[in-house]
Every structure is written in structure tokens, then in C-alpha cells.
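*Asks:* Pasted the sequence and its predicted model underneath.
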Amino acid sequence: MPRALLSVSDKTGIVDLGRGLTARGFELVSTGGTARALADAGLAVTSVSALTGFSEMLDGRVKTLHPALHGGILARRDRPDDLAAVDAQGIGLIDVVVVNLYPFVKAASSPAASFDALVDEIDIGGPALVRAAAKNFRAVLVVVDPVYYPRLIEELDRGPSLEFRFELMQAAFALTAAYDSAIAVTLCSVKLDADRFERKPSSPPLAADRLDLSLTRIRDLRYGENPHQTAGWFAGGKQEPGQSLQGFGRATILQGKELSYTNLLDLDAAARIVLEFDEPAAVVVKHTNPCGTAIGESAADAYLRARDADSLAAFGGIVALNRALDATVAEAIVSTFIEAVIAPSVDDAARTIVGRKAKMRVLIADFSPFGAGPSGPDLEFRSILGAMLVQQRDRVIEARHPWSAALLPEHVRVVTKRQPSAGEWEALRFAWRVCAHVKSNTVVFTDAGRTLAIGAGQTSRVDAVHVAVMKARVASRELAGSVAASDAYFPFRDGLDAVASAGATAVVQPGGSVRDAEVIAAADEHGLAMVFTDRRHFRH
């Protein structure tokens, strides 16, 4: 009779799996709570203690660390000497091992958990079983995640393939690696004070002495930034069993040519911008900078306004929406050449329409956890030669809610004699949210609902204004009555003078220059309203 060992902390689906295994002639061997759950469901279960002849001890710390289990798992079925050795000891073979580990990560996420409580959540027997079964993967099926339960039953019915066995092995070692890494990282936040171990749960993530990043390959990419560079797409972050991937880690590709590295960089830049807005928003991006950004009554309205903000640059651009891609916006998008589109969903009717542009990449992704609020995934990683840089994600939290003379977030203040009008307040907030996502140095000109001209990635703010003015002229667009946003302070009044000459009536900037007084005086001379945020938004 084949034998399955089941010992899980997460009991999702374990009873159904037990029924499936029993129906296929397996003897179930189990421990503690798992055995109770199976028995309560009416399934016959052999306790580990009955198999080993040794009672659990030390409050369950020692129960599966025994040759009767590990011998039955590790015995190589193609080695007669192995089989003879376990037979001489009266050890039966184990064919399936279903184990997930003590919830250390969950415990560590609670600031209230003490150091000693965390140590108690370090699993010993579970990883040993997993590693043993994974090492002998050709003979033993090792399952560490409930997501594999249905496939396990299917594979047992047709005879488990070597490919499936190897996939389970990979998942098993990925689990134990991530588990040990989580323990190591958590212990870096523990300090020894005399004879007391104290956690520092309130410290920011970057206070840890060790950070570990686990990456899972999603697919190879068409190429890197240039055709001679190879590139790959990986899901970032440590993923615990059963935890859903987010954002680009779980994106669905509906159609289109193979993606390149730059496609994904542009899609990421575009998604970040539309996430700033609760109302329907769209952006067209080129080389990670927006050509145009707009809000509107609908996704189609927002897209048309964003595209027409700089229709010349929009040709061959990357589009992001924060609403479903419906038939109306799909018709607008396919009316010109667009490289790729990303949206939270795509309507059935829209799929047919975008299908007319078979080479255009269309992706679906859920970015809700990455919204512009104060919560959500927090760390960003970037490589440099021989090292890695890590920073907290930049969030424009000061603009999450409407600005008005009567209600402003902390530190946002008017520094000029003239106060912004109600319309200027609305436009300034819009401009500030867009500005934070444009490459530095930048100055952007907008109205309350769309960008009018963008000067991106310049080496001075004066140059940024000049580029924006040039683009406005090419588009035959007047900047008179617009507002402007600068991602960092104006170091001299010349940048502010250029903004005023372009036609802006109000400007938002962080402030903080030693020449702030000079710049404020210049704004007053021009009759501009100027707002300081005390918060810089460089993007390199």
C-alpha cells in the first residue's frame, strides 16, 4: 500500500486531499492537528508515533525527526542496498510528503510578537521532511503548497511525470530557502541588551542589516534595452506559499509581440502615473516619461485628452489606464500606432477590437496594492555595478486629497502674496502628481485635467522650461493661464522667470533653496501664486 505523510500548519484543502489519497489506496500518516482534522472528517489515519514507536516530546518539538520517517523518504528505489537496509529495520516507504511550515513570517509581521515567541515559530522537523523528500524527488512527491493539491491527484491518476516531480522539488527548495531567509532577516532586527533580546519592530525595513530578495522567472524577454542584450522578467519579492503575486508579478499578456525590457520599463512608468488618480485617468509614455496625462469622464475621454496633449510624441507610445479597457477606448487606441497597453481589465468587446492590431501588446494587471496611499509594497531595488541600492517607494501622499485654501495637508503652504484661485488649486494638485513621475529635472505645465507641455530630464530647470515651451509651440498650444510644477526647488529666480514668461499663473515646487526669498520675490513681481510642499520628488 502506498503511504502519504501529511503534516501542515495551513490546513486549506487538506481534508479533500486526504479523501483523494485514500480513494487511491494510500495509507495516511499524520501528526497532531493535521491528524485530528483528517480523523474528524472520518478518514483513517495512522499517527506518526504509531509508525515510529516513539511518542512526541518537548511540546511537539520532536515528533518527525526519526529514521522510521526519514529512512522511508530517503531510500532510493533503484538501489537494492537502500531497500534492504530499510526493510531490515522494518521501515516502510513513504511515497508522498505533504508539508507546510510553521507560520514564522506571519508571526514576525506582528510587532507584538516577542523574540521568544518568534523562536518557537521556527520549524525544525518540517524543513527536514521537505528537504528529504525533495532530495529524493524521483521517488517521492513533495507538496508544500495547497495550490498543488488538485494537480497531485491528477498526476497520481495518470502516473506522475518526471517534469511534475521536478517542479515540486523546485517549489520545495524555494520554500525552505525563503523560510530560512525570513528568519535570518528577522533576527537582524533583534538586538541583545545585556541578557535581553529585544525586537525593533518599529524600525523601517532599511534598518535591517540583511535584506534578501527572492526572484521567480516569469519569462524571457525579447531583448534588453538594446537587441544585443539578453533580458528576463522575474516576479520580485519573497512569496510565501498561497500568497498572491501582485502587479507585474501576476500580469496577464492577452496579445501582441514578445515583450522587451524597455516595454516593461515604460509600462511600469505609465502604471505608476495613472495610479495617482481616483478618477478615470490615462497616460501615454515614451522612454519612461509621459507624453501626455489626463483625467476625464471616462477612460476613452481621458485617453483622447492624454494622446492629444502631445500627439506627435504619442505615436508608438505606451498607454496605461486605471479603468477597464472597453470598446470605446479600444477604438480610440487602435486608431493610431501604439506599442503596448496596460489596464486593470479588458472587456470582451474590446478584445475583439484590439485584436485587429495583432502586434500591439495588451496586458492586464492588478495594481491596487500599489496605489498612491501610505500603505502597500514599500521597498524598491536597483542595481549598480557590483552592488544593490534599496529605497522606500516615493509616494505623493501630500496630494492624495483635494487642495484648497481652506484645507491643505501638512507643510503645503502658499508663500506668495497672491493666493491660488479654486481652479488653480485643482490644477496645481494635478500637476504635482504628474510631475513626481517625470524624469528629473522637470517642469510640467498643465490645466486642471491634462498636461499641456512637459520638459523632462533636463540638466537645469531653465532648460526644462524651454523644452516645455518648445513642445507647446510645436503643438500650437498656448500656455497662458496654465500652472507649472517643478519636482525640486528653483535654485535661482531665472527658472521662475521662465515659467512666468511661458504664461503660467501659479506654480508648485518643494522650496528649500537658500535663494527661496529671491524666487518668492520674483513670483510676487510676476503676480504668480506659488505653493511650497516641503517635499521633493526627484526621479532618476
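*Replies:* Cool, the structure landed. Numbers count the residues shown, from 1 in each chain.
*Asks:* quick one: the helices in the stretch 201-350 of the chain?
*Replies:* Assigned by DSSP state H, counting those that start in this stretch, the stretch 201-350 of the chain shows helices spanning 261-274, 299-309, 311-314, 327-334, 348-354.
*Asks:* Go through those and pick out the most buried.
*Replies:* helix 299-309 (a mean of 24; mean count of other Cβ atoms under 10 Å). Placement of C-beta: from N, CA and C, glycine included.
*Asks:* If you count contacts, what does that one end up packed against?
*Replies:* Packed against helix 299-309, as judged by 3 or more Cβ pairs under 8 Å, 6 or more residues apart in numbering; DSSP states H and E, are the following elements: strand 281-286, strand 289-295, helix 311-314, strand 317-321, helix 327-334, strand 451-455.
*Asks:* Low-confidence stretches in the stretch 101-250 of the chain?
*Replies:* 201-212, 237-245 (pLDDT under 70).
*Asks:* try 90
*Replies:* 101-127, 174-217, 234-247, 249-250 (pLDDT under 90).
*Asks:* the strands in it, which residues?
*Replies:* 141-143, 190-193, 196-199, 216-220, 232-235 (DSSP state E, counting those that start in this stretch).
*Asks:* Can you point out the buried residues in the lowest-mean-pLDDT helix or strand in the chain?
*Replies:* Lowest by mean pLDDT, DSSP states H and E among the helices and strands of the chain is helix 104-108, with a mean of 75. Residues 104-105, 107-108 are the ones in helix 104-108 that count as buried (16 or more other Cβ atoms under 10 Å).
*Asks:* now those in CSV, with distance to residue 370?
*Replies:* Shown next, in CSV, are the buried residues of helix 104-108 (distance: Cβ to Cβ, whole Å):
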residue, distance to residue 370
104, 26
105, 21
107, 26
108, 23
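*Asks:* quick check, nearest of the residues you listed to residue 350?
*Replies:* When the buried residues of helix 104-108 are ranked by distance to residue 350 (Cβ to Cβ), residue 105 comes first, at 38.9 Å.
*Asks:* Give me the mean pLDDT for stretch 21-29.
*Replies:* For stretch 21-29, the mean per-residue pLDDT is 92.
*Asks:* max-length helix in this protein?
*Replies:* As assigned by DSSP state H, the longest helix anywhere in the chain is helix 162-187.
*Asks:* Buried residues of that helix, list them for me.
*Replies:* 164-165, 168-169, 171-176, 178-179, 181-183, 185-187.
*Asks:* Show me how far it is from its chain's centre.
*Replies:* Centroid displacement of helix 162-187 relative to its chain, using Cα atoms, centre = their mean, to the nearest Å, is 20 Å.
*Asks:* Kindly report the same for stretch 141-159.
*Replies:* On Cα atoms, centre = their mean, the centre of stretch 141-159 falls 28 Å from that of its chain.
*Asks:* Make 168 the first number, not 1, from now on.
*Replies:* Taking 168 as the first residue, the last one we looked at is stretch 308-326.
*Asks:* Quick one: end-to-end length of that stretch, please.
*Replies:* 11 Å (Cα to Cα, to the nearest Å).
*Asks:* Give me the residues contacting it.
*Replies:* Contacting residues not belonging to stretch 308-326 are listed as 177, 179-181, 183-184, 187-188, 191, 262-268, 297, 300-301, 327-328, 331-332, 335-336, 338-339, 342, 408-409 [Cβ atoms under 8 Å, 6 or more residues apart in numbering].
*Asks:* hmm, which of these are the buried ones?
*Replies:* For the contacts of stretch 308-326, buried by 16+ other Cβ under 10 Å: 177, 180-181, 184, 187-188, 262-268, 297, 300-301, 327, 331-332, 335-336, 338-339, 342, 408.
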